[in-house]
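In: Could you work out the structure for the sequence below:
(chains A and B)
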Amino acid sequence: MTTSLDPTATDTRFADLADDDRVAGSLYTDPEIFEAELEKIFYRTWVWVAHESEIPEAGSFKQATIGRQPVIVNRDRKGNFNVLLNRCRHRGASVCEVPKGKANGFTCPYHSWSYALDGRLRGIPYPDGYDEDLDKKDLPLQSLRVESYAGMIFASFNPDVEPLDEFLGDAKVWIDLFMKQGAGYPIKTQGEHCFRFRGNWKIQLENTTDGYHFPIVHRSWMSSVDAETADMLSFMTDDNAVTHALGNGHSVAIMVPEHVDLDHDDGSEKIQARFDHIVDELSKTMPADQVRRIVRSMHGAGFNLNIFPNVAMSMSFFRVLRPISVDETEIRHIALGMDGGPEIVNRERLRIHEHFQGPFGFGSPDDSEAWDRVQRGSRGAPGMPIMVNRGLNREGLDSNGHRTSHVTDETGMREAYAMWKKMMNDEH
Amino acid sequence: MSTDLMTAQLSDTRVLQAIELVWQEAALLDAKDYQSWDALWTDSGRYIIPIDPETDDFDGSLNMVNDDTRMRRMRIERLTSGYSMSALAAARTVRTLSRFTVEERTDDSVTLRSAQILVGFKRDEQQTLAADVTHRIRYTESGPRLDLKVIRLVNSQGAVNASGYLL
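Out: Numbering: from 1, shown residues only, chains lettered A, B, ... in the order given. All right, here's what the predicted structure looks like:
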């Protein structure tokens, strides 16, 4: 492999590393590949940075990271979303170190260059040290491309990136279905767990579309929940539990087929007994059909939607990955609730989230342990491939032309690696 | 706190019993003797690791742990069942609790604040977790018992790595 990382160079050296049914183990371990991924994927395509409920008002902001680069996501007075590089144009200091909050603008603490919410340079102290032809218009905070769909805000360093609408493509239908868990209320974020694991980011990317691991890695969680919840997630032999490859690296893994469209209710599903106290409380003020609609949404949508490269809309939460180095990745699991919805429901959703997610959840530590071990093991025999061929023997096309197989198969991983290969081989 | 007040508090037998219980708890958790740990709790005990460093409204916010007795027992079952790969591979830990202050004394309880430093070792790496801890010890017919434990990690809003042990 050469050491050139010139993103403008014609580059086909990654072509042989990802095949239709296997990928090279070096995809997890080679620091040079990691650097190329930042340039060719994270700085070229759309990367999820926020949900609009995280920045609800004019002046609301949050910090995010794209690849290694720190950005500020905010909502300005016109209601526009801005994503700005968190780097003063003067000497490079970060202009914001508060994770989230409200601001009128951002002032660099080093020499007090001040910027508006849209990144415009508003003020330079003691400007007589500069030539008269210095024009503040030439020195805004660097702005990224920003577009949003259904409240999901994406940004890109690439000014020529395709419209978000095209990038999401057939995933948009699934985003719309995912948002139905609001049961008539908008979705809001309500806190997040953050942890890091000692492994490559693609190990996590794969995991969201890996139904195969669930009953094995999460056996201790399965045995701790009520029988109805365990049954709900017993998709191993359910023929209706399938994964669709959606194009552009995106895929959807359906674990609970009866909860794909939460507006569709044939009345056959029995409400889980664990939610009886919520049914009783809601029934004091709500009609029975609305109560049923809300309680059926308690576990979120019946699928994991994997949006390449960094966000998954996973049943009842967002899973956001941030690559730190070739062998370290940060994960955020963002809990969701109903904005303006019943407090008792939002609290129950917090408890459900805590039960599985986070560093002391009943699920995440076991995922993290498995991912650590993939990284450790894959350092052995660098020439030995990682297999992603499960289900090739039974993969077909659905009525929309999407490659489809069982949810325990690796169709979603193959879709992600096909996009990886395309982007890594693109001439930029 | 003045030295006199500190001496007065430490001369309270109930405070000394409370500190002794906290140290006993720490030893059981380092030994991963979770069944014995469970016996230290009152029936209404709450075990909490919040994310928001300011909040006392634990039920209204997202936490890392928010256990009542039922949830705590399921947690113990998970950690001891042999089915959790992270619990089987948990770090070996050593923790100390010190810098005790008495936050509140009532007829049947003492509330202590302390600092906890935990070092964990797993696969060639050492991890340090520091926390402010609050224990409410209730004096029951069976002796002093844990009634509330709140662990406020200094990095609660940053990345806290997944672990197979308890704080």
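In: Output the below-cut-off pLDDT ranges for the chain.
Out: Unless you meant another one, I'm taking chain A. The model of chain A has pLDDT under 70 over residues A:1-12, A:428.
In: hm, I was asking about chain B
Out: B:1-3, B:5-6.
In: longest strand in it, by residue count?
Out: strand B:125-140 (DSSP state E).
In: ok, that one: who's next to it in the sheet?
Out: Counting by DSSP bridges, the strands paired with strand B:125-140 are strand B:109-122 (antiparallel), strand B:143-153 (antiparallel).
In: Now tabulate the ones you listed in CSV and tack on mean neighbour count.
Out: From N, CA and C alone the C-beta is placed, and that goes for glycine too. Compiled in CSV, these are given as follows (neighbours: other CB atoms under 10 Å in any protein chain shown):
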stretch, mean neighbour count
strand B:109-122, 18
strand B:143-153, 20
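In: show me what contacts B:Ser142?
Out: Counting by CB atoms under 8 Å, 6 or more residues apart in numbering or on different chains, B:Ser142 touches no other residue.
In: Tell me how far it lies from A:Glu281.
Out: B:Ser142 sits 35 Å away from A:Glu281, going by CB to CB, to the nearest Å.
In: cool, and A:Arg44?
Out: 49 Å.
In: which of these two has more neighbours?
Out: It is A:Arg44, of A:Arg44 and A:Glu281, that has more neighbours when counted by other CB atoms under 10 Å in any protein chain shown, with 19 against 15.
In: residues in contact with B:Leu62?
Out: So B:Leu62 contacts A:190-193, A:335, A:350, A:353-354, B:51 (CB under 8 Å, 6+ apart).
In: Could you show which parts of chain B are in contact with chain A?
Out: Within chain B, the residues that sit near chain A (CB under 8 Å from any CB of the partner chain) are B:49, B:51-52, B:59-66, B:71, B:74-75, B:77-78, B:81, B:83-87, B:89, B:123, B:157-164, B:166-167.
In: Could you pick out the buried ones from those?
Out: By neighbour count, with 16 or more other CB atoms under 10 Å in any protein chain shown, the residues of chain B next to chain A hold B:49, B:51-52, B:61-66, B:71, B:74-75, B:77-78, B:83-87, B:89, B:159-164, B:166-167 as buried.
In: burial count for the nearest residue to B:Asp59 once chain neighbours are set aside?
Out: Leaving out its chain neighbours, the residue that sits closest to B:Asp59 by CB to CB, 6 or more residues apart in numbering or on different chains is A:Arg347, at 5.9 Å. A:Arg347 sits with 16 neighbouring residues when counted by other CB under 10 Å.
In: CA atoms of the strand or helix carrying B:Leu16 as PDB?
Out: Secondary structure from DSSP states H and E places B:Leu16 in helix B:13-30. Output in PDB follows, covering the C-alpha atoms of helix B:13-30 (Å, rounded to 0.1, in the frame of the first residue of the first chain):
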ATOM      1  CA  THR B  13     -21.500   5.400  67.100                       C
ATOM      2  CA  ARG B  14     -24.200   5.400  64.400                       C
ATOM      3  CA  VAL B  15     -21.900   7.400  62.100                       C
ATOM      4  CA  LEU B  16     -19.000   4.900  62.700                       C
ATOM      5  CA  GLN B  17     -21.400   2.000  62.000                       C
ATOM      6  CA  ALA B  18     -22.500   3.700  58.800                       C
ATOM      7  CA  ILE B  19     -18.900   4.200  57.600                       C
ATOM      8  CA  GLU B  20     -18.100   0.600  58.500                       C
ATOM      9  CA  LEU B  21     -21.100  -0.500  56.400                       C
ATOM     10  CA  VAL B  22     -19.900   1.500  53.500                       C
ATOM     11  CA  TRP B  23     -16.500  -0.100  53.700                       C
ATOM     12  CA  GLN B  24     -18.000  -3.500  54.000                       C
ATOM     13  CA  GLU B  25     -20.100  -2.800  50.900                       C
ATOM     14  CA  ALA B  26     -17.000  -1.800  49.000                       C
ATOM     15  CA  ALA B  27     -15.200  -5.000  49.900                       C
ATOM     16  CA  LEU B  28     -18.200  -7.100  48.800                       C
ATOM     17  CA  LEU B  29     -18.400  -5.200  45.500                       C
ATOM     18  CA  ASP B  30     -14.700  -5.600  44.800                       C
END
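In: Kindly export the helix or strand just after it (C-alpha atoms) in CSV.
Out: Per DSSP H and E, the first helix or strand lying C-terminal to helix B:13-30 is helix B:34-38. Coordinates of each C-alpha in helix B:34-38 appear next as CSV, following Å, rounded to 0.1, in the frame of the first residue of the first chain:
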residue,chain,number,x,y,z
TYR,B,34,-23.3,-9.7,44.9
GLN,B,35,-25.6,-12.0,46.9
SER,B,36,-24.0,-10.8,50.1
TRP,B,37,-24.2,-7.2,48.8
ASP,B,38,-28.0,-7.7,48.2
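In: Helix B:34-38: how far from the chain's middle?
Out: 12 Å (CA atoms, centre = their mean, to the nearest Å).
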